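Visitor: below is the sequence, then the predicted model.
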Amino acid sequence: MANSRTKKRDKDDDRPVIWVGYGKLLKLFRERAHFTQQALADAVGYSYEQAASIEQGRRPAKAAFTDAAERVLDAGGALAVLQDDVDRAKLPSFFWDFALIETEAVSRFSYDPLLVPGLLQTEEYARALFAGHCPPLEDEIIEQHTEARLNRQKLLTRTPLVDLSFVIEEAALHNPIGGREVMRGQLERLLEVRALRNVEVQVMPSGRGFHPGLNGAFVVLETLEHRQVGYVESQETGVVVSDPANVSACGLRYGKLRSQALSAEESARRIERLAGEA
């Protein structure tokens, strides 16, 4: 009977495993340092409830908490080394598998027909998307998802550099997600990333007619081991594509999309015009 209850509890436990593991390690270092939960909370500048939630794996540790806990508990980097994984688990669960693969990318090419891609979103644009989720998300989940999306953007400037290409349908740039001011800031952000020599942004102009992206958004990625994968997503269902023939087809489609889209320079002029009109 006890085993049955344990299995059900485990099945219903939706805490990310990395948050639970981080919490157990935090508790180990706290007890070794002879700190109570309240003493640790006071030492790192958090409330008792916040610190206890992190230790119980119910809430993710932010980088500031980890830095303070490392110092106070003399953890020797054991907590800090988990921080990226803790942050990644703030993402929607359907995206976890691809998010992990994405950290090992040497190149990443994406086509987005409806929205500005997550790696290029401003904080305000991303938060507006999560705030409009159906069914509604709790405020804390909105913040966690927003933080995680912004954290993924380290890929833009990671060393070694990742070759990044984005083809965005022009319709996505006309849709004022979050309102006109938020959208203007988002368009200005697209212009800013042009300064990164590893990033190319192209606009697929409206009225182009048929092109290979009309079946939906997709990503083609190459890992550090030079393994190529694809990724497709719709209605909170994400699928990693590993079959070589399917990945090859995605690569072929993306090549055609780049050739049919506006050049990077033409795209920048189009975005500048739209920003001026927003």
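Guide: Great, that's in hand.
Visitor: wait, what's in contact with residue 270?
Guide: When contacts are counted by CB atoms under 8 Å, 6 or more residues apart in numbering, residue 270 touches 170, 173, 203, 205, 262. Using the backbone N, CA and C atoms, a C-beta is placed for each residue, glycine as well.
Visitor: now the helix or strand containing it: how far from the chain's centre is it?
Guide: Per DSSP states H and E, residue 270 falls inside helix 264-277. Computed by CA atoms, centre = their mean, to the nearest Å, the chain-centroid distance of helix 264-277 equals 26 Å.
Visitor: residues of it that come out buried?
Guide: With burial defined by 16 or more other CB atoms under 10 Å, the residues of helix 264-277 counted as buried are 267-268, 270-271, 274-275.
Visitor: how about stretch 154-172?
Guide: So, applying 16+ other CB under 10 Å, buried residues of stretch 154-172: 155, 162, 164-170, 172.
Visitor: so which of those residues are in helices?
Guide: Using DSSP state H, the members of those that fall in helices are 170, 172.
Visitor: list just the nearest of the buried residues of stretch 154-172 to residue 31.
Guide: residue 155 (36.8 Å; CB to CB).
Visitor: so residue 103 makes contact with residue 151?
Guide: No - assessed by CB atoms under 8 Å, residue 103 is found out of contact with residue 151, at 10.7 Å.
Visitor: any common contacting residues for those two?
Guide: 84, 88.
Visitor: ok so, going back, avg pLDDT for the helix holding residue 270?
Guide: The pLDDT scores in helix 264-277 average 96.
Visitor: do stretch 73-88 as well
Guide: Per-residue pLDDT values over stretch 73-88 give a mean of 96.
Visitor: stretch 151-166 too?
Guide: For stretch 151-166, the per-residue pLDDT averages 96.
Visitor: and the strands in the stretch 101-250 of the chain?
Guide: Taking DSSP state E, counting those that start in this stretch, the strands of the stretch 101-250 of the chain run over residues 105-112, 163-169, 199-204, 218-223, 228-234, 237-241.
Visitor: out of the buried residues of helix 264-277, who's nearest residue 24?
Guide: For the buried residues of helix 264-277, the closest approach to residue 24 (CB to CB) belongs to residue 271, at 47.3 Å.
Visitor: measure the closest one to residue 84 for me?
Guide: 31 Å (CB to CB, to the nearest Å).
Visitor: same thing with residue 147?
Guide: Plainly put, residue 147 is 12 Å away from residue 84 if you go by CB to CB.
Visitor: for residue 66, same thing?
Guide: Counting by CB to CB, the gap from residue 66 to residue 84 is 11 Å.
Visitor: more neighbours, the two?
Guide: Comparing residue 66 with residue 84 by neighbour count (other CB atoms under 10 Å), the higher total belongs to residue 66, at 23 against 14.
Visitor: that one touches residue 79, doesn't it?
Guide: Yes - using CB under 8 Å, residue 66 makes contact with residue 79 at a distance of 5.1 Å.
Visitor: quick one on the thing from earlier: with distance to residue 29 added, can I get the strands of the stretch 101-250 of the chain in CSV?
Guide: Shown next, in CSV, are the strands of the stretch 101-250 of the chain (distance: least, CB to CB, whole Å):
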stretch, distance to residue 29
strand 105-112, 33
strand 163-169, 38
strand 199-204, 39
strand 218-223, 33
strand 228-234, 37
strand 237-241, 35
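Visitor: who wins for proximity to residue 36 among the ones you listed?
Guide: That would be strand 237-241 among those, by CB to CB, at 41.6 Å.
Visitor: using the record's assignment, carve the chain into domains.
Guide: By the assignment in automatic domain parsing, the chain contains the domains 2-88, 93-277.
Visitor: check those domains for me: which has the lowest mean pLDDT.
Guide: domain 2-88 (a mean of 89).
Visitor: strand 199-204 and the helix holding residue 270, what's the angle between them?
Guide: In terms of direction (axes from the mean of the first three to the mean of the last three CA atoms, to 10 degrees), helix 264-277 departs from strand 199-204 by 70 degrees.
Visitor: coming back round to it: and the buried residues of stretch 154-172, which is closest to residue 244?
Guide: Nearest to residue 244 among the buried residues of stretch 154-172 is residue 165, at 20.9 Å by CB to CB.
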